[in-house]
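Participant: Sequence plus predicted model, see below.
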Amino acid sequence: MPKNQQVLLDNRPEGEATTGNFKLVDAETPALADGQVLVRHHYMSLDPYMRGRMNESKSYAQPQPLGQVMQGGTVGEIVESRHPRYAVGDKVVGFGGWQNYSVVDANVPGSLRKVDTTHVPLSHYLGAVGMPGVTAWYGLVKIIAPKAGDTLVVSAASGAVGSAFGALAKARGCRVVGIAGGPDKCAYVQDELGFDECIDYKVHGDVKSLSAALKAACPDGIDGYFENVGGMVLDAVLLRTNAFARIALCGMIAGYDGAPLPLTNPSVLLINRIKLEGFIVSEHMEVWPEALAELGGLVASGKLRPRESVAEGLAAAPQAFLGLLKGKNFGKQLVKLI
């Protein structure tokens, strides 16, 4: 069996996460038992939710155990199989974590899924046609439930979730406004993803300024909002919402280092009778087939052109992850392992 490299969570962050929280180790790969397969990972996913799991505090998911491989999504290829449904060479998506190889019990439901790379590149199954894309689909379709002509806003618009949200919303006849950081990201959101407008939050120093920009971009108000960030961005959006607006609350990356994120004008929630619903997409596996089918079609047809930031090699994962938390990535953040 091949030698394996792994990144472990060595200690928990105190405030801001650092590379010192992680440890790169060499490990043996155990021999396969019946029903198991060996996966050689080609790419692994880095996602903001991983920061919350590094803490020991209560959250929607169990904390990442200390001294164990950092958990996360992976795509790769079967290189050895003792399971009748999987053959050497099959391309698969799974949850192999921050390591080069994983031994997977393929009898466990949801542990692996074969994917077709004929029209969709393998890496996109960790982004637009994977968990981030389904996250966008669920928030849009099941929570915001837009009508044609609605004005929708999404924060972190150039990222894996935001870009998929824009394509899905445009396909439903909505006006879509993104919020992103920097002129390059905003140009990509408008010119390549086809958003109607994109606001660069970095040029707005306070809620009043960002809210004014939203008013100009959304002259008919905001009917639906997909939230990835929290903090000042959420405050500014709330001031521009219409009555009976819907907010899908997916992430609060502005507070992942433990800083409180108080709302400036919570009364708007009542005044506008806003529906605000937080969700975790792994709790809604029943929608994944429908969502993945639509997302795969959008990518294959060129209506969704996802951008990727790719770090090279497992050792680069911690630094790339910290950069993701600071918004240094452009699109879906991946680590290439082969």
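Facilitator: Here it is on my side, so go on.

Participant: count of residues packed around V75?
Facilitator: Neighbours of V75 under the rule other C-beta atoms under 10 Å: 28. Bear in mind the C-beta positions are built from the backbone N, C-alpha and C, glycine included.

Participant: wait, what's in contact with it?
Facilitator: H41, H42, Y43, K91, V92, V93, G94, V115, L122, S123, Y125, L126 (C-beta atoms under 8 Å, 6 or more residues apart in numbering).

Participant: Just the buried subset of those, please.
Facilitator: Buried subset of the contacts of V75 (neighbour count, 16 or more other C-beta atoms under 10 Å): H41, H42, Y43, K91, V92, V93, G94, V115, L122, S123, Y125, L126.

Participant: Report the beta-bridge partner residues of the fourth one.
Facilitator: Beta bridges link K91 to E77 when assigned by DSSP bridges.

Participant: Over to the third one?
Facilitator: Beta-bridge pairing of Y43 under DSSP bridges involves V75, K336.

Participant: Verify the stated contact: it with K336.
Facilitator: Yes: Y43 is within contact range of K336, at 5.8 Å (criterion: C-beta atoms under 8 Å).

Participant: Surely A320 is within a helix?
Facilitator: Yes: under DSSP: H, G, I helix; E, B strand; the rest coil, A320 sits within a helix.

Participant: Now do the helices in the stretch 51-200 of the chain.
Facilitator: 131-138, 160-170, 183-191 (DSSP state H, counting those that start in this stretch).

Participant: Including distance to I274, could these go into CSV?
Facilitator: Below are the helices of the stretch 51-200 of the chain laid out as CSV (distance: least, C-beta to C-beta, whole Å):
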stretch, distance to I274
helix 131-138, 19
helix 160-170, 18
helix 183-191, 25
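
Participant: ranking those helices by burial, who's on top?
Facilitator: Most buried of the helices of the stretch 51-200 of the chain, by mean neighbour count (mean count of other C-beta atoms under 10 Å): helix 160-170, with a mean of 28.

Participant: Against which helices or strands is that helix packed?
Facilitator: Applying 3 or more C-beta pairs under 8 Å, 6 or more residues apart in numbering; DSSP states H and E, we find helix 160-170 packed against helix 131-138, strand 151-155, strand 175-180, helix 183-191, strand 222-227, helix 288-301.

Participant: which residues touch the fifth one?
Facilitator: Pointing back at strand 222-227 there. 136, 139-140, 144, 146, 150-155, 161-162, 165, 174, 214, 233-234, 237, 240-242, 245-252.

Participant: Low-confidence stretches in the stretch 1-150 of the chain?
Facilitator: Counting by pLDDT under 70, the stretch 1-150 of the chain shows no low-confidence range.

Participant: Strands of that one, residue ranges please.
Facilitator: 4-9, 22-27, 36-45, 74-81, 91-94, 101-105, 112-114 (DSSP state E, counting those that start in this stretch).

Participant: So for the last one, what gets flagged as buried?
Facilitator: Using 16+ other C-beta under 10 Å as the burial criterion, the residues of strand 112-114 that qualify are L112.

Participant: before we move on, back to that, so can I have TSV of the helices and strands packed on helix 160-170 showing distance to V37?
Facilitator: Formatted as TSV, those follow (distance: least, C-beta to C-beta, whole Å):
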stretch	distance to V37
helix 131-138	21
strand 151-155	37
strand 175-180	39
helix 183-191	37
strand 222-227	36
helix 288-301	21
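
Participant: for those, which one sits closest to D10?
Facilitator: helix 131-138 (25.6 Å; C-beta to C-beta).

Participant: which among the contacts of strand 222-227 end up buried?
Facilitator: 136, 139-140, 144, 146, 150-155, 161-162, 165, 174, 214, 233-234, 237, 240-242, 245-252.

Participant: Can you tell me which residue sits nearest the middle of the protein?
Facilitator: P132 (3.9 Å; C-alpha atoms, centre = their mean).

Participant: Identify whichever of the strands of the stretch 1-150 of the chain lies nearest to L270.
Facilitator: strand 36-45 (38.1 Å).

Participant: What helices and strands are in contact with that closest one?
Facilitator: Going by 3+ C-beta pairs under 8 Å, 6+ apart, strand 36-45 lies up against strand 74-81, strand 101-105, strand 332-336.

Participant: Let me have these in CSV, adding distance to I271 as columns.
Facilitator: Shown next, in CSV, are the helices and strands packed on strand 36-45 (distance: least, C-beta to C-beta, whole Å):
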stretch, distance to I271
strand 74-81, 45
strand 101-105, 50
strand 332-336, 37
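
Participant: and those, which is most packed in?
Facilitator: strand 332-336 (a mean of 24).

Participant: how far out from the middle of the chain is that one?
Facilitator: Averaging C-alpha positions (C-alpha atoms, centre = their mean, to the nearest Å) puts strand 332-336 11 Å from its chain's average.

Participant: Just confirm D206 contacts V233, I think it does.
Facilitator: No: using C-beta under 8 Å, D206 is not in contact with V233; the gap is 11.5 Å.

Participant: ok, P318 - contacts?
Facilitator: So P318 contacts V7, T19, N21, F22 (C-beta under 8 Å, 6+ apart).

Participant: give me that answer again for 10 Å
Facilitator: 7, 17-24, 46, 70, 98, 311, 335 (C-beta atoms under 10 Å, 6 or more residues apart in numbering).
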